[in-house]
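Peer 1: this one's structure only:
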């Protein structure tokens with residue numbers, strides 16, 4: 001009995017040592033995990049959970065940045081390079097090399113249904129991506145902002161910083177994942193006056209509150225907008241009931257917002273400053289967007305009064 005207990009303890013310690021930052025082991029006890037790289041959800045065929053590891057297909061690793069990937073069929077080796085970082089992995093081998101340094105993997109890469117599957121956490125973090133595991137929604141979020149987004153968030157231009165903020169990689173640790181129930185005719189953003197690192201997004205019947213930290217937009221609160229009239233909501237500019245709320249929303253009762261309404265079909269953004277006592281009568285002015293900004297989803301504009 002003593003030997004059996006020691007063996008169990010050893011196995012548990014091994015799992016904790018291998019995966020201290022992301023509890024991938026729990027992925028084996030439920031459905032296949034979902035993986036989102038920089039706001040792009042991967043197809044189910046590109047994700048596999050086995051051997052207490054989550055793997056993703058090598059082709060999807062390119063979403064981590066400007067990676068150069070080379071496959072050598074004779075040696076079954078994978079070379080991945082980005083800037084000053086180079087990675088060498090070998091199919092069915094638990095030894096990898098990063099910039100020439102030998103590293104022991106928790107499990108080896110392999111080929112499945114014609115796809116080369118590589119350890120998600122190891123490869124992502126090797127190229128300076130952040131990995132987050134949401135146990136409740138069984139989702140892995142991989143986040144790595146592009147150099148342009150990082151530069152623009154820090155640019156000092158309020159409209160550019162805000163546009164970058166809404167395009168940063170998003171991560172949710174909320175217990176639910178709520179999606180709008182129909183396609184957006186317009187998307188609304190609300191930033192506290194003078195701020196770029198906090199915003200509310202209204203996408204048809206879905207509303208979420210984000211906080212920007214370390215070049216990642218963290219979803220802190222979310223709800224669906226119902227059909228019934230309500231007069232006591234936080235935030236004050238939503239006059240219908242909120243359902244399926246999850247997370248924590250700060251009180252915005254006395255907050256003045258820079259409000260933006262992006263209309264994709266028109267290629268323009270309406271803007272105004274709103275307060276609780278005047279928001280229903282606020283006059284929105286329209287600003288046409290150059291196609292280059294539309295293509296980048298840089299849809300936040302300057303408000304002269306701000």
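Peer 2: Everything's here; your move. Treat the numbers as computed from the prediction; the structure is a model and nothing was measured. Numbers count the residues shown, from 1 in each chain.

Peer 1: and the spatially closest residue to residue 91 that is not a sequence neighbour, how many residues sit next to it?
Peer 2: Distances taken as C-beta to C-beta, 6 or more residues apart in numbering put residue 76 closest to residue 91, at 4.0 Å, once the chain neighbours are dropped. C-beta here means a position set from N, CA and C on the backbone, and glycine is covered the same way. A total of 16 residues lie near residue 76 under the criterion other C-beta atoms under 10 Å.

Peer 1: wait, what's in contact with residue 76?
Peer 2: 90-92 (C-beta atoms under 8 Å, 6 or more residues apart in numbering).

Peer 1: residue 160 too?
Peer 2: Counted by C-beta under 8 Å, 6+ apart, residue 160 has contacts 152, 298.

Peer 1: if we go to 10 Å?
Peer 2: Contact analysis of residue 160 by C-beta atoms under 10 Å, 6 or more residues apart in numbering lists 151-154, 196, 293, 298, 300, 302.

Peer 1: same check, this time on residue 287
Peer 2: 159, 260, 268-271, 299-303.

Peer 1: name the element it belongs to?
Peer 2: strand 285-288 (DSSP states H and E).

Peer 1: mind listing what's buried in the helix or strand following that strand?
Peer 2: Counting by DSSP H and E, the next helix or strand C-terminal to strand 285-288 is helix 291-295. Neighbour counts using 16 or more other C-beta atoms under 10 Å place 293-294 of helix 291-295 among the buried residues.

Peer 1: please read off the pLDDT at the nearest residue to residue 38 once chain neighbours are set aside from the model.
Peer 2: For residue 38, ignoring the flanking residues on the chain, the nearest one in space by C-beta to C-beta, 6+ apart is residue 169 at 4.7 Å. On the pLDDT scale, residue 169 is placed at 98.

Peer 1: just name the shakiest helix or strand of this protein by mean pLDDT.
Peer 2: helix 2-18 (a mean of 37; mean pLDDT, DSSP states H and E).
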